[in-house]
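A.B. asks: Model the following, please.
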Amino acid sequence: MNAGSANVVALLVELAQRAPDRPALILVEPSGGAERIGYAELARRTMALAGGFAAEGIRPGDRVLLLVPMSIELYVALFATLAAGAVGVFVDPWVGLRRIAALAADAEPAAVVGTPKSLLLRLLSSRLRRPLVVTVGGTTWAGLLADRTLSELETIGAETPIAIHPATADESALVTLTTGSSGESKGADRTHGFLVAQHAALADELPVAAGEVDLTTFPIFALHSLASGGTALVPPIHLARPDRFDAPAILATMTQERVVTAVASPPFWDRLAAAVAQQPGSRPALRRLVSGGAPVRDEQLRSWRRAFPDTEIRLVYGSTEAEPVASIDADERLAAAGESSGTPRGDCVGRFAKSVDARVVRLERGPIVLGADGWGAWEVAGGEIGELVVSGAHVNRRYFRNERAFAENKIVAPDGTVWHRMGDTGSLDDAGRFWLAGRLHSTLFRAGRAVHAQLVEQVARRDPRVKRAAALGAPDRELGQRVLVVVESGDEHETERQADRAPLAESVRRLLDDAGLACDEVVIERRPLPLDPRHQSKIDYAALARRLGIR
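C.D. replies: Residues are numbered from 1 along each chain as shown. Modelled structure (predicted):
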């Protein structure tokens, strides 16, 4: 990287000079074909578009809203935004259109780059009609939908070249606007220094060798592949439905393109493992597969191990604000689970990354403010369950225009270090591994004692008839909260008649009693439990509470 600049685009240009013809991105199409771009061409288009942005008045510090799915155009637009010194803004695609439009408008972008379909959001917000609007496909429709096409801007920029903006480490590079159940926007503000540090942390935990083909369904991991000099292969998967795709076709593509490493969420690996089980000859020669984004159950890991017996299986734990935080090999995780089969501890996510400092603090729903004695009044004893907080160069330090989110999710130490609250509860074992017990917001307080949802659910699933389980709290005058264990049975006959429900409910209650976990009522659900829209893996507790009429 050029001395004096933290702009990650400088790394792309250097790679283009060293390996101009090496494939940088392979975009696999649903039809089975593939679109490719080499490092030299990616760098050329990046700098041409950056010049086009500058010619249209985009200046360092301006925000560019990117409404483009994972594609070659996305990375051209993103790198061009950074090269021009602007800030790329992403909006979660799995919320409603009107909410997307509102979040996008709140970012006050100077430019919007999107597909023709996504640019219809312009009609939902008058504030999105003012910025420069660029379409990545089709025409501008006489200026009604867009002001410029991406190719037009690249042509303009090629005639008026610019130098890469010499960004400082503290300058904003990316903002990801997300919305939770509260509907409040929480934008993680990633700096150029953060991106460089995150690549270094990922390179230490999950190295990608120059020239290796790395399949990824996560945009940020594709950046890691490119920064490593690898080839990022993007499969034809809709990010909002990672559990729906043509598994045999993707397995064939992985073999054809000689994919060596791959990163995806649990539903992706579940579907691929099932396809390999049906057709063992379709197994690709993977060196490493990585799962992230959502918890993984032991039975899932066993099915992946059967499908990929010679592949390193790595589970990565982290969040939007901090990735990676910890990781563990699947075989170690399964062995650890066997060691703790009696008293539930949760899921072992492994040892912390070398670049992460971590502490476990007592449970607190409100903001945490350290006093003169620092962490003394907050840290819990070894083995005790508390909330995980982390710091490090690749741990996000700020949010976009949201002081409330900072107060709720960050802790400023006396020395000025900003720590991030992961929002996850758990404990450390003697080997320095962290065990997840649940989310802080899903922790129940019954008669003044904490009940950790994930521990309850883990024990409930020991009955083989339980497909999914969720622990919810219902208001109670005497207890504060009653513990409801909602069970989705994997046995269709179990839920057909009321008489069939009692045995399963009694079994779950007995399992919880034997484990010393509180349970006031077991509810057998006929319908599948609602899952998060992003990964289709985590229980959507708010949606389930609404379904059951719990307030």
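A.B. asks: From now on I want contacts and neighbour counts done on CA atoms only, so please keep to that.
C.D. replies: Will do.
A.B. asks: With adjacent residues omitted, what lies nearest to the residue positioned nearest the centre of the chain?
C.D. replies: Residue closest to the average C-alpha location in the chain (C-alpha atoms, centre = their mean): Gly293, at 4.5 Å. Using C-alpha to C-alpha, 6 or more residues apart in numbering and skipping the chain neighbours, the partner closest in space to Gly293 is Ser265 (5.7 Å).
A.B. asks: was I right about that neighbour contacting Leu289?
C.D. replies: No. Assessed by C-alpha atoms under 8 Å, Ser265 is found out of contact with Leu289, at 10.5 Å.
A.B. asks: So between the two, which is more surrounded?
C.D. replies: Ser265 (24 against 21; other C-alpha atoms under 10 Å).
A.B. asks: Can you give me the domain boundaries for this protein?
C.D. replies: Under the assignment automatic domain parsing, the domains of the chain span 39-167, 443-548.
A.B. asks: Give me the contact list for stretch 129-140.
C.D. replies: 56, 73, 109-116, 119, 122-123, 145-151 (C-alpha atoms under 8 Å, 6 or more residues apart in numbering).
A.B. asks: Over to the closest residue to Arg462 other than its chain neighbours. Which of the three states is it?
C.D. replies: For Arg462, ignoring the flanking residues on the chain, the nearest one in space by C-alpha to C-alpha, 6+ apart is Leu511 at 7.8 Å. Recorded secondary structure, Leu511: helix (DSSP: H, G, I helix; E, B strand; the rest coil).
A.B. asks: Leu511: neighbouring residues, count only.
C.D. replies: Neighbours around Leu511, by other C-alpha under 10 Å: 17.
A.B. asks: just the one 3 residues further on next, same as before
C.D. replies: When neighbours are defined as other C-alpha under 10 Å, Asp514 has 12 of them.
A.B. asks: Please, where are all the strands along the stretch 51-200 of the chain?
C.D. replies: Remark: strands assigned in the stretch 51-200 of the chain by DSSP state E, counting those that start in this stretch are 63-67, 87-91, 111-114, 132-135, 148-149, 172-179, 185-191.
A.B. asks: now the last one against strand 87-91, angle please.
C.D. replies: Here strand 185-191 points in a direction 150 degrees away from that of strand 87-91 (axes from the mean of the first three to the mean of the last three C-alpha atoms, to 10 degrees).
A.B. asks: and strand 185-191 with strand 172-179, angle?
C.D. replies: 160 degrees.
A.B. asks: Out of the strands of the stretch 51-200 of the chain, which gets nearest to Ser319?
C.D. replies: strand 185-191 (10.6 Å; C-alpha to C-alpha).
A.B. asks: what helices or strands is the closest one leaning on?
C.D. replies: strand 172-179 (3 or more C-alpha pairs under 8 Å, 6 or more residues apart in numbering; DSSP states H and E).
A.B. asks: Now the buried members of the contacts of stretch 129-140.
C.D. replies: Buried by 16 or more other C-alpha atoms under 10 Å: 73, 109-116, 119, 122, 145-151, out of the contacts of stretch 129-140.
A.B. asks: how near is the residue nearest to the centre of the chain to Gly143?
C.D. replies: 39 Å (C-alpha to C-alpha, to the nearest Å).
A.B. asks: One more: Asp298?
C.D. replies: Separation of Asp298 from Gly143 (C-alpha to C-alpha): 54 Å.
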